[in-house]
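Student: Just need the structure, nothing else, for what follows:
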Amino acid sequence: MDKGKAVMGAGRRWAVDFSDQSTVPSSRDILDPPGFSRVSPEQDDSATSRQKKDAEANWKLQKAWEVAQSPFKNLMMMGFMMWMAGNTVHLFSIGITFSALWQPLSALQSVGKVFEPFKDNKVELLMPKLVFLALNLGGLALGIWKLNTLGLLPTHASDWVSSLPPPQEVEHSGGGFAFH
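Tutor: Take a look at the predicted model:
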């Protein structure tokens with residue numbers, strides 16, 4: 001017996017007839033309910049794809065705002081750590097302060113990379129980027145303020161004494177003879 005040939009007859013093949021030959025009314029004869037409209041599959045696919053694109057754009061915008069507001073958490077944590085470090089100059093307070101300066105600087109350098117996954121024609125990223133920049137600049141200002149409270153910023157005139165020229169001599173005095 002050859003593979004693929006039917007058992008009952010040499011020329012007969014299996015087939016199913018899907019044509020409707022019944023006397024029962026078909027769905028084409030029944031009216032659609034009110035508010036229902038038949039949409040072609042092409043239109044339905046475009047509507048669902050448009051809805052998917054809109055949902056994806058909304059999701060990207062929401063995630064971009066979450067990323068933009070994430071420096072606020074870091075700002076609060078760093079402020080608490082600086083408060084716990086105190087106002088005296090020692091290794092821990094200097095380390096915390098330079099960490100508070102380094103994190104915003106590195107975040108400001110990588111703004112484009114941070115928001116790269118959220119780029120889309122439908123997503124406007126200007127406001128999230130501005131919030132991200134503002135919060136990181138606030139973190140940088142917090143670090144500079146801590147440097148100032150530690151006395152590590154040269155803000156007083158006495159910090160610059162070594163770079164000032166010596167004052168001009170106004171009087172001259174000279175040695176004389178000793179009288180006995």
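
Student: And the helices in the chain?
Tutor: Applying DSSP state H to the chain gives helices spanning 41-85, 91-109, 111-114, 126-150.

Student: Would you mind putting the ones you listed into TSV with mean neighbour count alongside?
Tutor: Bear in mind the C-beta positions are built from the backbone N, C-alpha and C, glycine included. Shown next, in TSV, are the helices of the chain (neighbours: other Cβ atoms under 10 Å):
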stretch	mean neighbour count
helix 41-85	14
helix 91-109	16
helix 111-114	12
helix 126-150	17
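
Student: So for residue 177, which of these sits nearest?
Tutor: helix 126-150 (56.4 Å; Cβ to Cβ).

Student: other SSEs contacting that closest one?
Tutor: helix 41-85, helix 91-109, helix 111-114 (3 or more Cβ pairs under 8 Å, 6 or more residues apart in numbering; DSSP states H and E).

Student: Please report how far the spatially closest residue to residue 100 that is not a sequence neighbour lies from residue 124.
Tutor: The shortest distance from residue 100 to any non-neighbouring residue, by Cβ to Cβ, 6 or more residues apart in numbering, is to residue 143 (3.7 Å). For residue 143, the distance to residue 124 equals 31 Å [Cβ to Cβ, to the nearest Å].

Student: next one: residue 135
Tutor: For residue 135, the distance to residue 124 equals 19 Å [Cβ to Cβ].

Student: Select the helix or strand of this protein having the lowest average pLDDT value.
Tutor: One helix or strand of the chain scores below all others by mean pLDDT, DSSP states H and E: helix 41-85, with a mean of 85.

Student: contacting residues around the residue nearest the centre of the chain?
Tutor: Nearest to the mean C-alpha position of the chain, counting by Cα atoms, centre = their mean, stands residue 67 at 3.2 Å. By Cβ atoms under 8 Å, 6 or more residues apart in numbering, the contact list for residue 67 reads 114, 115, 118, 128, 132.
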